[in-house]
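1. can't give you the sequence, but here's the structure:
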């Protein structure tokens with residue numbers, strides 16, 4: 001296993017555990033525990049596709065549109081429960097991290 005692959009695996013694990021920490025013990029949100037699962041699945045898919053072949057990654061334009069769309073998701077989540085503003089903003093960071101996972105990465109392989 002190359003250093004680059006080991007680094008990406010450890011980075012994806014860190015993102016998973018950070019998202020898990022964010023989602024634990026939030027009874028007010030019905031979707032909170034879906035975020036760690038989404039990050040884990042996305043990490044495996046990114047590791048097996050984009051990280052092996054950067055041409056399979058998202059284009060910059062697509063990533064930008066998805067990032068703009070994520071603002072709408074945050075607004076929807078916040079409008080469903082205005083008391084969870086901080087959690088909605090934290091989920092926005094999860095959306096952005098998912099988009100970033102699928103961008104082509106530079107570096108050795």
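-> Yep, that arrived. Keep in mind it's a predicted model, so treat the numbers as computed, not measured.
2. three-state assignment of residue 16?
-> Assigned state for residue 16: helix (three-state reduction, DSSP: H, G, I helix; E, B strand; the rest coil).
3. The residue nearest in space to the middle of the chain: what's its closest spatial neighbour, skipping adjacent residues?
-> The chain has residue 98 as the residue nearest its centroid, 2.6 Å off, counting by C-alpha atoms, centre = their mean. In this structure, residue 98 finds its nearest non-sequential neighbour in residue 42, 5.2 Å apart by C-beta to C-beta, 6 or more residues apart in numbering. (Glycine included, C-beta is placed from N, CA and C.)
4. what about the one you found, how many residues close to it?
-> The tally of other residues near residue 42 (other C-beta atoms under 10 Å) stands at 19.
5. In contact with it: list those residues for me.
-> 98, 101, 102 (C-beta atoms under 8 Å, 6 or more residues apart in numbering).
6. Return the closest of those residues with respect to residue 27.
-> Of all the contacts of residue 42, residue 98 has the smallest distance to residue 27: 24.1 Å, by C-beta to C-beta.
7. Can you read off the pLDDT for the closest one?
-> Per-residue pLDDT puts residue 98 at 93.
8. Could I get the buried residue list for whatever helix or strand it lives in?
-> Following DSSP states H and E, one finds residue 98 within helix 85-101. Across helix 85-101, burial judged by 16 or more other C-beta atoms under 10 Å covers 87, 88, 90, 91, 92, 94, 95, 97, 98, 99, 101.
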